[in-house]
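*Asks:* I would like to see how this sequence folds:
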Amino acid sequence: MERRAILAAVLMAALLMIYQTFFMPSGPEPPPGSKTAESPAPAPAPSAPAPAKPASPLPPPRSREASPTPPQRLVSVETPLYTAVVSSEGGKFQEFTLRYRGEKPMVLLGDLGPTGLAMTTEGGRAPEIVSMNVNADSIRVSADRPTADLVLSGERDGVRVRQTLRFRHDNFAVDADVRLENLSGTPREVALMYPWYTRAAWKGTTERFHGQHPTEIVWRTGHVERIEDLSTVIDRTVEGTWIALDSVWYLVALMPRSPGFALLTTRPAAETRNGDPSAARVGVAVRAAPTIAAGQAWEGQVTLYVGPKEYDRLANAGLEETINFGGFPIPRKWGGLPMDWLGVPILRLMNWVYHYVGNYGIAIILITVISKALFYPLTVKSMRSMKAMQLLAPQVNALRSKYKSDPQRLQQETLELYRKHRVNPMGGCLPMVAQIPIFYALYLALSVSVDLQGAPFLCFGRVFGVHLWICDLASQDPTYILPILMGVTMFVQQKMTPAAGDPRQAKMMLVMPFVFTFMFLNLPSGLVLYWTVSNILQILQQWYMDRSKRPGPAREAKSAARA
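*Replies:* Numbering: from 1, shown residues only. Coordinates of the predicted model:
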């Protein structure tokens, strides 16, 4: 009897489960269609198809939901120049790491990077990221396979989206071809946007990322315009052929290659994270707003450059003006002289020398020697003039004492003294003025050259985590030997230089080497190397002049002083 009771209980439970499974769902299904029509007349079974006819309009919504948002897929991209990870969410880059003098990350999730292709067909509504399908799980390009395409496709609001990303083995640029096809029977106004964001403030940035995080926004109209304070960025459209997030040595640029695109700076509305306003983001973007007729398509192309600011690469992409060589105080748009006229030839010369010697430190030394050799005649003239002025200093001081109450007479007698001994008071300055633009251009070329990053000069390895000696010409000397050597050579140069003015001014000039030493402690080693070699060559020239047997005007001035 107990077995029968147990069997009966099992059968009743099974019957209840079967009833709930097969009969209960028929009750909830009518509510979406019409529950009131079914409840008053449950008997007539033929009327059941009637609600099925109103359900016929439901397939269109179901067809949209029949293609639900595809799950995110990640595609790895490997090239000789960089590695990347592309997400199916708008084709954004989850990772982008340059293989350039080490690994340089150009995308930091949440802080720096693109959001992917965003689109909307509703006016006044912000574009949303388009979820897509991808045609590959990984892409690899090399010399054997120079190019490869990644195709992403999706659909939103009756508009089919197709994005093709083209990667090359020898270029940091990525081409993005976009095709929008209107599948509906009415014209559609589509808003398309591709932004790239960065933090407005990079406080506490790790050293490994230094020089890669953007510090300004740059775009080109008739000339290059810059926003150097990212906290002032607002939503606005700018005129130009490209727009970029710029840093010291690296660049992210968006370049439309077809008409219909606009450039803009953007700032997400009141975006802060963890109550920290400095974590807010700003960015650049390209935007298009085409109207697509029924059954028609629209196509556009944008090139994305993510890479180092090598001059030749940038020139091939039309981005060479992103390298900021500076200029004279007058703005270029008002006729000022840009320093790239001098900086670019020196930069090309440095790379040409490096091609043969294979060491940027030796290239810097050779360029410094070449510049000193070119200006040697002017330097000699300047030294002779300064020496002659030094020998005439006692007579000038005597004239000052004699005519201290008559400045006009003092000036006449002093000029007559210089004319008599054929000494030009400006002879010591003019030759140096002619050299200043070249030396300053060399300084600028070294300060903006990404080629020096990670380039060793005399590198003997690491001891206790410290490089010995100069293993990166773009960073400071970790041992401080080179800045101290620069200060010593500058002090020796000051002591050897003829002093023709007030002795108190000469003593003040001896303080300059100590000031410069502290200034150069944290400057790139390449710049300190250039300055040190220049000082050594100046010392050698002064030593040679002091022992020259042909002093020229200095001999006449010396004989006049004896008389």
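
*Asks:* now do the same contact list for residue 92.
*Replies:* Going by Cβ atoms under 8 Å, 6 or more residues apart in numbering, residue 92 touches 86, 113-117, 129. C-beta: built from backbone N, CA, C; applies to glycine.

*Asks:* buried members of those into PyMOL, please.
*Replies:* Buried members of these, defined by 16 or more other Cβ atoms under 10 Å, are picked up in PyMOL with:
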select buried, resi 86+113+114+115+116+117+129
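
*Asks:* which ones among the contacts of residue 92 are found in strands?
*Replies:* Those of these mapping onto strands are 86, 113-114, 129, per DSSP state E.

*Asks:* okay, now the unreliable bits of the stretch 301-450 of the chain?
*Replies:* Applying pLDDT under 70 to the stretch 301-450 of the chain picks out residues 327-338, 425-432, 434-435.

*Asks:* ranges for the helices of it?
*Replies:* Assigned by DSSP state H, counting those that start in this stretch, the stretch 301-450 of the chain shows helices spanning 311-317, 340-357, 360-374, 376-402, 407-420, 430-448.

*Asks:* what's the longest one packed up against?
*Replies:* Right, helix 376-402. Packing contacts for helix 376-402, counted by 3 or more Cβ pairs under 8 Å, 6 or more residues apart in numbering; DSSP states H and E, involve helix 407-420, helix 430-448, helix 525-546, helix 553-562.

*Asks:* so which of those is the most surrounded?
*Replies:* Ranked by mean neighbour count, those are led by helix 525-546 with a mean of 20 (mean count of other Cβ atoms under 10 Å).

*Asks:* so for it, mean pLDDT?
*Replies:* The average pLDDT for helix 525-546 rounds to 86.

*Asks:* could you do stretch 196-204 as well?
*Replies:* 82.

*Asks:* now that stretch: how far from the chain's centre is it?
*Replies:* Mean C-alpha position of stretch 196-204 versus that of the full chain (Cα atoms, centre = their mean, to the nearest Å) differs by 12 Å.

*Asks:* quick check: buried residues in that stretch?
*Replies:* Counting neighbours by 16+ other Cβ under 10 Å, one finds that the buried residues in stretch 196-204 are 196-200, 202.

*Asks:* and for stretch 356-363?
*Replies:* Residues of stretch 356-363 classed as buried by neighbour count (16+ other Cβ under 10 Å): 359-361, 363.

*Asks:* CA atoms of the host helix or strand of residue 263 as PDB?
*Replies:* Using DSSP states H and E, residue 263 maps to strand 261-266. Coordinates of the C-alpha atoms in strand 261-266 are reproduced here as PDB (Å, rounded to 0.1, in the frame of the first residue of the first chain):
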ATOM      1  CA  PHE A 261      32.900  65.000 -43.100                       C
ATOM      2  CA  ALA A 262      33.300  67.800 -40.500                       C
ATOM      3  CA  LEU A 263      36.000  68.100 -37.800                       C
ATOM      4  CA  LEU A 264      35.100  68.900 -34.200                       C
ATOM      5  CA  THR A 265      36.400  69.100 -30.700                       C
ATOM      6  CA  THR A 266      34.100  67.400 -28.200                       C
END
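
*Asks:* for the remainder of this discussion, apply numbering that starts at 43.
*Replies:* Let's use 43 as the start, then, which means that last one is strand 303-308.
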